[in-house]
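Trainee: Output the structure for:
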Amino acid sequence: MSNSAAAVSPIDCYARVVREPVFRPYPNPSFEWAAEHISRGRVVVPIPFKKKLPIIKGWQNLEISAGNLADHFNSQQQNIGVILGDRSGWLVDVDLDSPDAVKMADFFLPQTASKFGRRSKPSSHRLYVCKDGVYRKFNNPLTLASKDEGDRKNACIVEIRTGKGKQTVFPGSIHASGESIEWVTDGEPLQITFVELGTSVNRLAAATLLVKYWKEGIRHELSLAVAGTLLRHGFSERDAKQFIRAICFAASDDESSDRMRVVEDTAVAKGMDGRTYGLPKLVELTDQKIVDAFCTWLGIGKENLSAKTTASSEERFKVVCMQDVMAEKIEWLWEPFIPIGEFTIMEGIEGIGKSWIGCALACALASGAKLPFHNGDPHQQARVLLLSAEDSLSHTIRPRLESMSADLEKIFAIDEVFSLNDTLDVIWFEGVLAEYQPKLVLIDPMFSYTAGKDLNAESSSRPIARKLITLAQKYNCAIVGVRHVGKSKGLGDPRNAGLGSISWRASARSVLLVGQDADTGERAICQTKNNLAEQSTLSIGFDIIDGKFLFNGKPSVLTKERMLAQAKDPDAKAEQSEAVDFLHEILRTGDKASKEVEREAKEVGITSYALRKAKHILGVESFKKGGTFGGDKSWHMRVPGPAEVVDIREFQHLQENRRDKKSYDNDLVEDVEKSASQQVQQDISTSSVDVPDWSNATCLCGEVGKVGHSCRNCGEIVLDQS
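Mentor: The predicted structure follows:
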């Protein structure tokens, strides 16, 4: 991060941690606090307890030193005032009266090491040293004009307090509310010119005027009007964004990223034809007096406020002709799995290796290495930003990266968990993206950064997903969110496997499933959604051996169906093994009538389902036999060639998968199906039995299919039962 004063990091612009106030339990608080202020070159004045105005006549010229301090401050409870201006070393107090001004102060005011306030308004006083300082007071014009005296007393937004006749009640005192006035940061005031300080306070006051108007329903239009006004009157795009970010924070607008896009679009429109909203629209949405004060404080020359707004009221939306839209080529971080400028989800069960894969991606990008089965050239070396809520950076993340020989200088991490629901947190996050410009952002796990929202509700999940998409597009990076899948694994459907609302998957342009075979333990990555290119049919295998991550050089045969299949319980496996042993033994001496096999299986407690699976495992053939002298043909079973007892685990790819019964979407499974069908046709054509016709028939499981083909439900060869 740059240490240059001219290039302040966006992070440094937003003070998010309010330090604990400094409390000093002096035995004689008033006397000793006053003595401390004097030791710092400040002129003090006694003020009655819980009051803020001196009662001594001629207090402006009062000379109190260490020698006569006891004459004015004794054992009685008193408040302590400090005279501002040249008498106290050109001291200036920026007094924030409005709660909204307190919230936004860190967005505008130069950072000073000297701040104080009370518990309900911490950091509401900020001290500076400014030799050319001038007193200024900023009032809300509507509140000041109120008929209610109480309202008028609360009209002040902010004061620049300095000069003759001005003093402020300092720490060591008690506010009228009973709260103690305490230091937040007790350092030296920042030395600054009044031009810089005055400009900052003017902008803070102007922004505060608009907070109460920043309401749902008009926020977009209001941000257009503010952006247009600022950009047309000398504000840079960066300063306009800062101004609107502050308002979004104070108004709890959780769509600040969208408001930033408004500024960008307005800047483009201004550069092209000047058609932007401006002051007339601002008046329409707020109030004439508010806009007058806004313009005065920002030094904006007033436009003809009676003129029509630039944009037609009948054309509220941005409408473009497709002829004017330039088609853009998709940029890939890992083609076709992870696009740049988009949001990708990587999901899988707990402990499957998702975090390891994230480290592998980070390592490859930081070193410029090519990822496996990448369809394009390797991406050039780039930075990576890690958000890891569950794994320790020092105990887990760094050792994993080192095991892959990662270029650690290009990999960064935010070492704290924040919330994408919190406006200020999002602003900080965006500041980090702007500062470090990563090409890959990994959020692991994603839901650790979405605290306080019902993630099963579309209304809660879509706004967060939109923020991530907006940030990915704005900073041209790939954002990958890691999430777990449910225990049911979506009942085999990848669309329902991931936790949270289906809108998470809908918002992502690519979804990657990380899983393993429930029986063999083989692990792989496959793609279950791709909106930007043809969905990949590859499964990319990987292993984690002795604390090292390895991608496999050849495609894996593991499918998403196997990844989402539930592991069989031991009893089911035992039953299947028993069925295999039974069928092998009964057919060991030759073929046997199907009805006889089924009867004997039932007698020993083997289910029809287990028997059908055993037929597949052993490759048992079913055929018609008999009828030589006019008798009816009957179905028989036989094992072709020498029959062997086999381990069913070696044939899991032939067992049931819970796929869509009406379609096959994986080439590997289609090949298995075709191969089985071709083998059946070949066997029938070379046998001495009648060749069945390839008409429709009903499988034993009840599914209708083609005779001689594998059943799309259970995988059994469909036979003519007529």
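Trainee: quick one: the helices in the stretch 551-700 of the chain?
Mentor: For the stretch 551-700 of the chain, the helices defined by DSSP state H, counting those that start in this stretch occupy 560-564, 570-586, 594-603, 608-618, 667-686.
Trainee: Which of those helices has the lowest mean pLDDT?
Mentor: When these are ranked by mean pLDDT, helix 667-686 comes last with a mean of 36.
Trainee: List the buried residues of stretch 227-242.
Mentor: For stretch 227-242, burial by neighbour count (16 or more other C-beta atoms under 10 Å) applies to Ala227, Gly228, Thr229, Leu230, Leu231, Arg232, Phe235, Glu237, Ala240, Lys241, Gln242. (Each C-beta comes from the backbone N, C-alpha and C, glycine too.)
Trainee: What is the end-to-end distance of that stretch?
Mentor: One end of stretch 227-242 sits 11 Å from the other (C-alpha to C-alpha, to the nearest Å).
Trainee: Who are the contact partners of His72?
Mentor: Listed by C-beta atoms under 8 Å, 6 or more residues apart in numbering, the contact set of His72 reads Ala34, Pro46, Ile64.
Trainee: what secondary structure does the first one sit in?
Mentor: Using DSSP: H, G, I helix; E, B strand; the rest coil, the secondary structure recorded for Ala34 is helix.
Trainee: Output the lowest mean pLDDT helix or strand found in the protein.
Mentor: Using mean pLDDT, DSSP states H and E, helix 667-686 stands out as the lowest-scoring helix or strand of the chain, at a mean of 36.
Trainee: what about the stretch 251-400 of the chain, any weak spots by pLDDT?
Mentor: For the stretch 251-400 of the chain, applying pLDDT under 70 flags the ranges 271-275, 301-318.
Trainee: I should have written the chain there, sorry.
Mentor: 1-28, 75, 271-275, 301-318, 452-454, 567-573, 627-632, 641-722.
Trainee: Determine the three-state secondary structure at Ser65.
Mentor: Per three-state DSSP, Ser65 ends up coil.
Trainee: residues in contact with the closest residue to it other than its chain neighbours?
Mentor: Nearest non-adjacent residue to Ser65, counting by C-beta to C-beta, 6 or more residues apart in numbering: Ile38, 6.8 Å away. Residues near Ile38 by C-beta under 8 Å, 6+ apart: Val44, Ile64, Ser65, Ala66, Leu69.
Trainee: By neighbour count, sort out the buried ones in the contacts of His72.
Mentor: Among those, those scoring as buried are Ala34, Pro46, Ile64 (criterion: 16+ other C-beta under 10 Å).
Trainee: Dihedrals phi and psi, the residue nearest to Ser536 when sequence neighbours are not counted?
Mentor: The shortest distance from Ser536 to any residue other than its chain neighbours is 4.5 Å, reached at Gln527 (C-beta to C-beta, 6+ apart). Backbone geometry at Gln527, expressed as degrees, to the nearest 10, gives phi -100, psi 130.
Trainee: tally of neighbours for Gln527?
Mentor: Counted with other C-beta atoms under 10 Å, the neighbours of Gln527 add up to 23.
Trainee: how close does it sit to Thr423?
Mentor: When C-beta to C-beta, to the nearest Å is applied, the distance between Gln527 and Thr423 equals 34 Å.
Trainee: got it, and Lys625?
Mentor: Distance of Lys625 to Thr423, computed by C-beta to C-beta: 78 Å.
Trainee: So for these two, which residue has more residues nearby?
Mentor: Using other C-beta under 10 Å as the criterion, Lys625 and Thr423 rank with Thr423 on top: 20 against 14.
Trainee: Next, work out how far apart the more buried one and Ala250 are.
Mentor: Plainly put, Thr423 is 9 Å away from Ala250 if you go by C-beta to C-beta.
Trainee: Same question for Trp214.
Mentor: Taking C-beta to C-beta, one finds Trp214 at 8 Å from Ala250.
Trainee: any idea which of the buried ones among the contacts of His72 is closest to Lys467?
Mentor: When those are ranked by distance to Lys467 (C-beta to C-beta), Ala34 comes first, at 50.6 Å.
Trainee: Tell me who's in contact with Asp100.
Mentor: Residues counted as contacts of Asp100 (C-beta under 8 Å, 6+ apart) are Thr208, Val211, Lys212, Ala250.
Trainee: now with 6 Å?
Mentor: Thr208, Val211, Ala250 (C-beta atoms under 6 Å, 6 or more residues apart in numbering).
Trainee: Output the residues you listed as CSV; include the columns secondary structure.
Mentor: Shown next, in CSV, are the contacts of Asp100 (three-state DSSP):
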residue, secondary structure
Thr208, helix
Val211, helix
Ala250, helix
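Trainee: Next, give phi and psi for Arg126.
Mentor: Main-chain dihedrals, Arg126, degrees, to the nearest 10: phi -130, psi 130.
Trainee: Wait, it touches Asp95, no?
Mentor: No: between Arg126 and Asp95 there is no contact under C-beta atoms under 6 Å: 8.5 Å.
Trainee: which residue ranges form the strands in the stretch 301-450 of the chain?
Mentor: Per DSSP state E, counting those that start in this stretch, the stretch 301-450 of the chain carries strands over the ranges 332-334, 338-339, 343-348, 384-388, 411-413, 440-444.
Trainee: I meant the stretch 451-600 of the chain, not that one.
Mentor: Counting by DSSP E, counting those that start in this stretch, the stretch 451-600 of the chain has strands at residues 478-484, 510-516, 523-530, 539-545, 548-555, 592-593.
Trainee: Serialize those to TSV and add fields for distance to Val134.
Mentor: TSV is the format used below for the strands of the stretch 451-600 of the chain (distance: least, C-beta to C-beta, whole Å):
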stretch	distance to Val134
strand 478-484	48
strand 510-516	58
strand 523-530	62
strand 539-545	67
strand 548-555	64
strand 592-593	108
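Trainee: Out of those, which is closest to Leu564?
Mentor: Leu564 lies closest to strand 510-516 among those, at 6.8 Å (C-beta to C-beta).
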